[in-house]
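Chemist: next one to model:
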Amino acid sequence: MRKRVTKAIFPVAGLGARFLPATKAIPKEILPLVDRPLIQYAVDEAQAAGIKELIFVTAGSNSVLEDYFDNDPELVNALRKKGSADLLADLRQTDMESGIVAFVRQRELWGLGHAVACAQQLIANESFAVLLPDDVIDADKPCLKQMIEAWTETGGNMVGVMDVPRDQIPALGVLDIKEDMNRLVSVRGLVKKTDAADEPSCTAVIGRYILTPSVMGSLVIGTPSVGAETQLHDAINAAAVQENNVYGYRFEGNHYDCSSKAGYLEAIVAFALKRPEFRDRFGAYLEATVKHGGGMS
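Modeler: Got it, this is the predicted structure:
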């Protein structure tokens, strides 16, 4: 029986430069999507997939994130006195028991691969998940859960993927496909963006990964010198060549790229319209705004 995936890494050490000046004071992963921060959606997805240990790779002083997942007795007591049962229920989602959450410092911003490698001592010799919080996925069955269910059959390494128009191929890269099996894709490797006309496919990689100890080993060995970066895709490609065990999984659901302002705004609209308490009023506002050419008088 294949061992379960129970640990997940959340790389949250980026500067969030696209969202300055807001991210000067608020980490990007804490930016709200309606009334919950981006990081909460990723954590909920991980826990719904059976993840038991959450490892956050941070940079500098990120007490905001630590405070968010800590218990706040004064706030709890104040809400109890007001009889705010619904708010207390929402707040409980952010309270993590001791031992579930760990914070690791990425002292130098040497890329996504280096961020993942910073968690090496907490992963040990087991497969693990990586979730990028600014890739928000709205799905009936959480994306990572879909992937883990497929991974129990394949093992190896797996990346979340989606088909996109050629002119929208993202900077994260696309798959070099060996065999396309509908939802599941066997791949030769991951290709970084060059020219859209030269890309081997339009199946793009998004921020969900299930990775093996050998990939972690490659990342640790590949720790860069100053000024360089350790690329996660290079380590995955090494596994594809040496072990022939890399797969893409086309998840079911809607993806929102909240690393961009436009994608973030799209996510806010989509998630607001899903909420019954906002749908009618907000939907009517959007309809009227569009009708009047983007402005209300």
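Chemist: C-alpha only now, for contacts and for neighbours.
Modeler: OK.
Chemist: which ones are touching the closest residue to Val5 other than its chain neighbours?
Modeler: If the residues on either side of it in the chain are set aside, Val5 comes closest to Phe128, at 5.6 Å by Cα to Cα, 6 or more residues apart in numbering. Shown in contact with Phe128 (Cα atoms under 8 Å, 6 or more residues apart in numbering): 5-9, 210-212.
Chemist: bridging residues for Phe128?
Modeler: Note on Phe128: beta-bridge partners Leu211, judged by DSSP bridges.
Chemist: could you check how far the most centrally placed residue in the chain is from Ile206?
Modeler: Residue closest to the average C-alpha location in the chain (Cα atoms, centre = their mean): Leu132, at 2.4 Å. Distance of Leu132 to Ile206, computed by Cα to Cα, to the nearest Å: 8 Å.
Chemist: burial count for Ala119?
Modeler: Around Ala119 sit 24 other residues, with neighbours defined as other Cα atoms under 10 Å.
Chemist: per-residue pLDDT, it?
Modeler: If you check Ala119, the pLDDT there is 93.
Chemist: next up, phi/psi of the closest residue in space to it that isn't next to it in sequence, please.
Modeler: Take Ala119 and drop its neighbours on the chain: the residue closest to it by Cα to Cα, 6+ apart is Val104, 6.5 Å away. For Val104, the backbone dihedrals (degrees, to the nearest 10) come out as phi -120, psi 140.
Chemist: quick check: bridge partners of Val104?
Modeler: Here Val104 sits in beta bridges with Val57, going by DSSP bridges.
Chemist: run through the residues that contact Val136.
Modeler: Contacts of Val136 by Cα under 8 Å, 6+ apart are 38, 41-42, 255-258, 267.
Chemist: wait, a strand at it?
Modeler: Yes. Under DSSP: H, G, I helix; E, B strand; the rest coil, Val136 falls within a strand.
Chemist: now the strands for the stretch 151-297 of the chain?
Modeler: In the stretch 151-297 of the chain, the strands defined using DSSP state E, counting those that start in this stretch lie at 157-163, 174-181, 184-191, 203-211, 246-250, 254-257.
Chemist: can I get the fourth one in CSV, CA atoms only?
Modeler: This points to strand 203-211. Extracted in CSV, the C-alpha atoms of strand 203-211 (Å, rounded to 0.1, in the frame of the first residue of the first chain):
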residue,chain,number,x,y,z
THR,A,203,-0.9,22.3,-21.0
ALA,A,204,0.3,24.8,-18.4
VAL,A,205,1.7,24.1,-15.0
ILE,A,206,-0.1,25.7,-12.0
GLY,A,207,0.9,25.9,-8.4
ARG,A,208,0.1,22.4,-7.1
TYR,A,209,2.7,19.6,-6.8
ILE,A,210,3.2,16.2,-5.2
LEU,A,211,6.9,15.5,-5.1
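Chemist: quick check: angle from that strand to strand 157-163?
Modeler: Relative orientation of strand 203-211 and strand 157-163, computed by axes from the mean of the first three to the mean of the last three Cα atoms, to 10 degrees: 160 degrees.
Chemist: strand 174-181 and strand 203-211, what's the angle between them?
Modeler: Angle between the axes of strand 203-211 and strand 174-181 is 80 degrees (criterion: the same axes, to 10 degrees).
Chemist: how about the longest helix seen in the chain: buried residues?
Modeler: Assignment by DSSP state H gives helix 276-291 as the longest helix of the chain. Residues of helix 276-291 classed as buried by neighbour count (16 or more other Cα atoms under 10 Å): Arg279.
Chemist: which other helices and strands contact that helix?
Modeler: Packing partners of helix 276-291 (3 or more Cα pairs under 8 Å, 6 or more residues apart in numbering; DSSP states H and E): helix 261-274.
Chemist: using PDB, write out every CA atom in the helix it packs on.
Modeler: Extracted in PDB, the C-alpha atoms of helix 261-274 (Å, rounded to 0.1, in the frame of the first residue of the first chain):
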ATOM      1  CA  LYS A 261      -4.000  42.200 -10.100                       C
ATOM      2  CA  ALA A 262      -6.400  41.200 -12.900                       C
ATOM      3  CA  GLY A 263      -6.600  37.600 -11.700                       C
ATOM      4  CA  TYR A 264      -7.100  38.700  -8.100                       C
ATOM      5  CA  LEU A 265     -10.000  40.900  -9.100                       C
ATOM      6  CA  GLU A 266     -11.500  38.100 -11.100                       C
ATOM      7  CA  ALA A 267     -11.300  35.800  -8.100                       C
ATOM      8  CA  ILE A 268     -13.000  38.400  -5.900                       C
ATOM      9  CA  VAL A 269     -15.900  38.700  -8.300                       C
ATOM     10  CA  ALA A 270     -16.300  35.000  -8.700                       C
ATOM     11  CA  PHE A 271     -16.100  34.200  -5.000                       C
ATOM     12  CA  ALA A 272     -18.500  37.000  -4.100                       C
ATOM     13  CA  LEU A 273     -21.100  35.800  -6.600                       C
ATOM     14  CA  LYS A 274     -20.900  32.300  -5.100                       C
END
